[in-house]
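[1] Sharing a model that was predicted from the sequence below.
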Amino acid sequence: MSPRLATVDISSIDLAQNGYSNLILPAPKNKARMRPNAVSERATRAAQLRVSGWAHPVGARLSACAAAVYDRAAHLLRPLTAHPVIVHLIDGTYELFRHFYGLRRFTKGTDRPGGAVVGVLNTVLQMLEEGATHLGVATDHIIESFRNRLWPGYKTGEGVEPALLAQFQLLEDALAAMGVPVWPMIELEADDALASAARIAGGDARIAKVSIWTPDKDLAQCVRDERVVQVDRRTRQIRDAAAVRRIFGVEPRLIPDLLALAGDAADGYPGLPGIGRKTAARLIEKYGRLEDFPVTVLGERRELALLFKNLATLRTDASLFADVEELRWPGPRADFAGVVARLGEPRLLTRANRISLS
C-alpha cells in the first residue's frame, strides 16, 4: 500500500446509522480508497472514492445512499493513515535566525536578500520529503509582545539586523504560498503559538505524537511524557519528559518556576540574584511550585519571582486552528511560482510539486 493511501471496507459501514436501514447492499467487489488529504473536501470526495460492483434496483435512492456511504467513509477515514500521524510544530523565528547567520559563514558577511527564507523553505521541504504530513510554523511578526509591558528589560527587536528583520514578512508569505500553515504572532510570541498548537494537537486522539522543533528551553514546559516532545535540530536531540527532568532537574510543568528563579538571558529577565539553575532545581524539588514556597524562603523577592514566572509561562489559548486536519500539507498554491521566481530559486517549486505528487 502506498504510504499516503488509506483503505476502508464499505461493507463495514452501518447504513442504519445513516437512515437507510431498509436498504441491503451486497458487499462491494472492491474497497473504497481515498487519499487522506482529500477526505475533508466534499467537492472531490466522489472523484477520490471508487466504488464498484454495486447492483441494486433502488433507482434514484441509490445516489442518496451512496452519499451516506461517502459521508460515513470520510468519517472513518479521518483517523486512518498508513502510519501514525505526527504533528510537527516549527519555530520559524529560530529557523530564520539559524539560516541567516549560517549563511554568513559562506558569504563572508554579504547578505543575500531572501537567503534565509530560502533556507527555511528547504528545511520544511526536507521534513515533508522525510514523511511529515501535518505541520505548522510560528513566527514573531513583531518581536515585542505583551511581556514587554510587564518587564521593561524583556527582549525587543533592538539590535536585530535590518537585513534579517526584512525577511520575516517574506518568510510568512512564502510559507503560506507553499501551502504551510503559518502563525505570525503580534501580541503573543511565536513560543506561545507553539505552546497553543501543542495543546490543541496533543489533545486529539488521532495524533500519535507532537514534535516541537526548537531548542528554546522555555518550550520544555510543553513536553508531555513521550506524546509531546521537543526536538533540537542542531543536535538531533529529542526531549521527552524524562529528558527534560534529566537536563533541567524538574518536571516539564515546573520549567516556568525554574526560569523564574534562575532567569533567562535570551528573553531578558535575570531571575533572582544568587540562584542558579542547580539551586533553583533543588528548591523546586523540595517545595514544588513558587506559589507553594514558604514565605521565608524568598522573602521580599517572592513577588519578583512570581513576575518572572508569569513571563516564563507560555500562553496556550491562542485560537490557531480547530482541527488538526487543517495542518495537513495540501501542496503548494498557484502563487508559489511567483514567490520562488522573486527569490531566484525555481528549484523550490520543482521540489514542492514532486513531494505533493508522491
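    Perfect, thanks for sending it.
[2] got any ranges where this protein has weak pLDDT?
    For the chain, the stretches with pLDDT under 70 are 1-82.
[3] who touches the residue nearest the centre of it in this structure?
    Centroid check for the chain by CA atoms, centre = their mean gives L89 as the closest residue, at 2.3 Å. Taking CB atoms under 8 Å, 6 or more residues apart in numbering as the criterion, L89 is in contact with 135-136, 138, 194, 197-198, 201, 210-213. For glycine as for every other residue, the C-beta is placed from the backbone atoms N, C-alpha and C.
[4] 6 Å - rerun?
    Applying CB atoms under 6 Å, 6 or more residues apart in numbering to L89 gives the contacts 136, 194, 197, 212.
[5] Pick out the most distant pair among these.
    G136 and I212 (10.6 Å; CB to CB).
[6] how close does G271 sit to G157?
    23 Å (CB to CB, to the nearest Å).
[7] quick one: which of the two has more around it?
    A count of neighbours by other CB atoms under 10 Å puts G271 above the other of G271 and G157, at 21 against 12.
[8] The more buried one is in contact with L259, isn't it?
    No - with contact defined as CB atoms under 6 Å, G271 does not count as touching L259 (7.2 Å).
[9] What about the closest residue to G157 other than its chain neighbours, how many residues nearby?
    Leaving aside its chain neighbours, G157 sits nearest to I143 (3.6 Å; criterion: CB to CB, 6 or more residues apart in numbering). Neighbourhood size, I143 [other CB under 10 Å]: 18.
[10] cool, and E172?
    By other CB under 10 Å, 19 other residues sit near E172.
[11] domain ranges for this protein?
    6-77, 85-247+330-356, 254-312 (automatic domain parsing).
[12] between the ones you listed, which one is nearest to L320?
    Using CB to CB, those put domain 85-247+330-356 closest to L320, at 5.4 Å.
[13] so is A318 in a helix, a strand, or just coil?
    coil (DSSP: H, G, I helix; E, B strand; the rest coil).
[14] and it, how many neighbours?
    Per other CB under 10 Å, the neighbour tally for A318 reads 20.
[15] Please name the residues that touch it.
    A318 makes contacts with 188, 192-193, 196, as judged by CB under 6 Å, 6+ apart.
[16] Any chance of a markdown table for those, columns distance to F321 and secondary structure?
    Output for the contacts of A318, formatted as a markdown table (distance: CB to CB, whole Å; DSSP: H, G, I helix; E, B strand; the rest coil):
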| residue | distance to F321 | secondary structure |
| --- | --- | --- |
| L188 | 15 | coil |
| D192 | 15 | helix |
| A193 | 11 | helix |
| S196 | 9 | helix |
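[17] Quick check: of those, which lies closest to A281?
    D192 (24.6 Å).
[18] Show me the contacts of L89 that map onto strands.
    For the contacts of L89, the ones inside strands are 136, 212, with DSSP state E as the criterion.
[19] if we can go back for a sec, between the contacts of A318, identify the one with the most neighbours.
    Going by other CB under 10 Å, A193 tops the contacts of A318 with 27 neighbours.
[20] Now that residue: closest residue in space, sequence neighbours ignored.
    Nearest residue to A193, sequence neighbours excluded (CB to CB, 6+ apart): A138, at 3.7 Å.
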